[in-house]
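Trainee: please find the sequence and the predicted model below.
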Amino acid sequence: MKKAGIIVLLWLLGAAPAAAAEPPVSDWVQTGRVQFSGTDAFFRSQGLASDDETLFFSWNIGLSRTEIDDTSVILADNTTGAIPDDLADSNHNHIGDIDVADGIVYAPIEDGPAYAEPWVVLYDADTLQPTGKRYLLPATLQRDGVPWIAVDKPRGVAYSMEWGDTGKLFVYRLSDFELLRTVALSEPVPRIQGAKIFRGNLYGSRDNGSQKSIVAIDPDTGQVTNLFDRDLGEGYEAEGIAFVRRPTGTEMLATGIKQGSQGYTEMRIYRIGGDETAPVLSAPAFKPAKVRPGKKLSLKVSSSEAVTVSARWLKCVGPKRKPCTKTKPVGIARSLVLPAGTSRTALAPNYPRVGKKPVRLTPGRWQMAVTPTDRADIVGARKIVGLTVLKPRR
């Protein structure tokens, strides 16, 4: 990669202003595919969710939980009777695309073809048994059922839409599923089979013709963005969608059914830019490596790609004449953005912070632990940068 010129950045360690909403990610590239057959194909044919540690699947009447890397390892199984008996007795026969947050699975349950009572039923994520909490959504809004539920934990809300020709997003309060507002969309996006929140945007998997598009919806403004068409053909039915965030990178997972395959279901795996390579920092150093208290620092480092770095100060403890083998964290971790290539970052003299209070580096030996993360959320190896703070001149 061509080296960038040396760029001087000012790292402000004060309270940062609220970040603007990120634009939706469009450059997803398929990097893998998992095929299910037999009963697994049926039991994983509808919804999909993840708590970043395990995967959750739904089908018409059941739920299951598996390991992420090996879906043959079933951790919890409620595949044949997840719909509560009284709902099953009243013709509720379809669980749509589910979501999970804080140990609770949120399952939308329909009573097709009448679609008179759209429910959201809550389940314990460990056992997949009902918690006893359920919420009836307004059938006057969810006129053709409740095909999916997407939980937005930071905002304390959940989203859903109609399945048919709709131009509205429904926003429910997560604590009791009271309708808070309806957001008008910039254009109708019918046939969304599953949706999840990722980086503040709602990503939906559509079963639209042969395109099988992935779209993004801004839940505040209703702006719809067609991210990309998967072009899987008319004989393919798109289903659930989920995001898994791991140190090896974020994966977007999407399930689907190949029509006429006698129970063939698959899960396709997508990564941002197809990136599977961790970012690498090299030759990090402070210039100068020895400073008096209160003096500005300059951190020089080379990065294999543009990254966001988490930086944390560590105070060396133990005998002064021995290597710095023991450290104590001071203040809180801070972030800075580094370009690809070699850069120099100017650091203000008030180095670590505890809340909003600056803490100066006292005389002695210090280290800064810097950990890079790239735009695909892949976490690179941590690097340690040493610094000596000299005693003040008399």
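Mentor: Done, it's in.
Trainee: tell me, how many residues neighbour Asp165?
Mentor: Neighbour count for Asp165, taken as other CB atoms under 10 Å: 10. Yep, even glycine has a C-beta here, placed from its N, CA and C like the rest.
Trainee: same deal with the one 5 residues further on?
Mentor: Look at Phe170: counted by other CB under 10 Å, it has 21 neighbours.
Trainee: cool, Arg181 as well?
Mentor: Counted with other CB under 10 Å, Arg181 comes out at 10.
Trainee: need the contact list for it.
Mentor: Val171 (CB atoms under 8 Å, 6 or more residues apart in numbering).
Trainee: quick check: the gap between it and Pro219.
Mentor: Separation of Arg181 from Pro219 (CB to CB, to the nearest Å): 10 Å.
Trainee: overlap in contacts, the two.
Mentor: Val171.
Trainee: ok, Val73 to Arg44 distance?
Mentor: Val73 is 14 Å from Arg44, by CB to CB.
Trainee: which one of the two has more residues nearby?
Mentor: Arg44 (28 against 11).
Trainee: thought that one was touching Trp59?
Mentor: Yes: using CB atoms under 8 Å, Arg44 makes contact with Trp59 at a distance of 6.6 Å.
Trainee: buried set for stretch 68-83?
Mentor: Judged by neighbour count using 16 or more other CB atoms under 10 Å, the buried positions of stretch 68-83 are 68, 71, 76, 78-79, 82-83.
Trainee: any idea of the mean pLDDT for it?
Mentor: The pLDDT scores in stretch 68-83 average 96.
Trainee: measure that stretch end to end?
Mentor: Its first and final residues considered, stretch 68-83 spans 25 Å by CA to CA, to the nearest Å.
Trainee: where in the stretch 151-300 of the chain is pLDDT low?
Mentor: Within the stretch 151-300 of the chain, the segments meeting pLDDT under 70 span 260-263.
Trainee: if you set the cut-off to 50 instead, what comes out?
Mentor: Of all residues in the stretch 151-300 of the chain, none has pLDDT under 50.
Trainee: show me where it has strands.
Mentor: Counting by DSSP state E, counting those that start in this stretch, the stretch 151-300 of the chain has strands at residues 157-160, 168-173, 179-184, 192-198, 201-206, 213-217, 224-229, 236-246, 249-258, 265-272, 281-286, 290-291, 297-303.
Trainee: now render those strands as TSV, adding distance to Val337.
Mentor: As requested, these are exported to TSV (distance: least, CB to CB, whole Å):
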stretch	distance to Val337
strand 157-160	30
strand 168-173	32
strand 179-184	31
strand 192-198	20
strand 201-206	21
strand 213-217	23
strand 224-229	24
strand 236-246	19
strand 249-258	18
strand 265-272	17
strand 281-286	13
strand 290-291	24
strand 297-303	10
